[in-house]
Every structure is written in C-alpha cells, then in structure tokens.
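S.K.: predicted model and sequence below, questions to follow.
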Amino acid sequence: MLNPSWRSNLEGAFLWIGGWRPSMTFHLLYSKSGWQLEARLPELIKGIRTGDLGDLKPSQVGKVDELHKKTIREEKDSSENLSDMFKKLLQRHQWWSNPMEEQVEDNLANKEEGLVIILQKADNLRLNTLKEILAILTPTQALHFLIAAAELHLRLHEWGKKKDAVTLHHTQP
C-alpha cells in the first residue's frame with residue numbers, strides 16, 4: 001500500500017505517503033524552466049518566443065508560486081496527520097509490551113481506515129497539484145513538463161533497478 005514491490009529502493013527513498021511528493025512538481029518545473037531558458041536565451045533576447053518552459057510569463061510564475069505555497073501547506077497537514085496517527089497508535093495502545101496477536105491486529109485494523117483516508121488525501125493532493133500546474137501552463141508548456149516528468153520517473157526507476165541489482169549481486173555468497 002505504501003511502497004509497491006515493483007519500486008526500487010531508490011524510488012522508495014523518494015516516497016511521501018504512498019507516492020511522489022506534490023512539491024516535487026515545482027522543483028521539476030523550476031529546474032526544467034531554468035534549463036530551457038538558459039538554452040534558448042539568445043532567442044529570447046531577440047524577442048523570439050520559444051513556447052517552452054523557458055518562456056513562462058510573469059503571471060504564470062506568480063500562479064505557480066501561489067500554488068506551490070498552498071501545496072506545501074497541504075503536504076505539511078497530511079504529514080502531520082500521518083504522524084499524529086502513528087503517535088496515537090503507539091501512545092494509546094501499548095501492545096508492544098504485551099504482544100497478544102489478536103490485540104495487535106485489532107489495534108492496527110482500527111488505524112487502517114485512518115491510514116486509507118490519509119492515503120486518499122495525499123493522492124488527491126498529487127492529482128490536484130498536477131491538474132492545477134497543467135491549467136497554468138500553455139498546452140506546449142504542459143507537454144514539455146509532462147515529458148520531463150515521465151523522463152525523470154523512468155530514469156529514476158532504471159537507475160534504482162540497476163543499483164538494486166548491484167547490491168543484490170554483492171550480498172549473495
């Protein structure tokens with residue numbers, strides 16, 4: 001539920017409540033925008049519009065900044081909710097000192113519903129952040145952004161799988 005088995009250990013290190021952290025959207029957007037701006041600076045100086053992420057308008061940057069702030073607040077709330085849930089689990093039910101299997105299962109089952117709600121809220125934040133970013137961008141900019149996101153995901157996955165294979169090879173006798 002929180003870390004699917006097909007993910008590499010490296011990908012797992014980047015997880016936030018079962019998936020990618022919504023604020024990473026902004027890091028990717030700002031990075032890709034900067035790279036494209038730098039690569040096309042001569043055209044932009046001449047007044048030639050490129051239409052890519054290096055060509056963000058000030059109004060778009062302002063909207064992205066506001067969305068970034070809102071997303072950070074919502075991430076913080078979700079992280080605190082998850083933390084509170086685990087604190088309550090550990091504080092209220094000192095089942096670890098009396099490890100009766102039935103009691104442990106009951107306590108964890110009661111918390112599972114809360115965890116599902118937190119996961120759904122995190123998934124909604126991921127989806128809404130992506131939708132709102134795409135609504136701010138022009139169609140061409142959105143295409144550049146989605147390609148960059150897919151490339152990042154695939155490269156991170158491949159790199160993580162290679163690292164896992166090397167680690168597995170070195171740990172086997």
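M.R.: Looks like it arrived, so ask away.
S.K.: need phi/psi at the residue nearest to residue 55 when sequence neighbours are not counted.
M.R.: Once flanking residues are discounted, residue 55 sits nearest to residue 49: 5.6 Å by Cβ to Cβ, 6 or more residues apart in numbering. Yep, even glycine has a C-beta here, placed from its N, CA and C like the rest. The phi and psi torsions at residue 49 (degrees, to the nearest 10) take the values phi -80, psi 140.
S.K.: what's the burial count for residue 49?
M.R.: 11 (other Cβ atoms under 10 Å).
S.K.: right, and it touches residue 56 too?
M.R.: No: Residue 49 is beyond contact range of residue 56, at 11.2 Å (criterion: Cβ atoms under 8 Å).
S.K.: about what we covered before: what's the spacing between the residue nearest to residue 55 and residue 128?
M.R.: 29 Å (Cβ to Cβ, to the nearest Å).
S.K.: also residue 27?
M.R.: Separation of residue 27 from residue 128 (Cβ to Cβ) stands at 18 Å.
S.K.: cool, and residue 25?
M.R.: Separation of residue 25 from residue 128 (Cβ to Cβ): 11 Å.
S.K.: kindly report the same for residue 88.
M.R.: 27 Å.
S.K.: what touches both of residue 25 and residue 128?
M.R.: Common neighbours of residue 25 and residue 128, counting by Cβ atoms under 8 Å, 6 or more residues apart in numbering, are absent.
S.K.: pick out whichever of these two has more residues nearby.
M.R.: In this view residue 25 and residue 128 are compared by other Cβ under 10 Å, and residue 25 has more residues nearby, 22 against 15.
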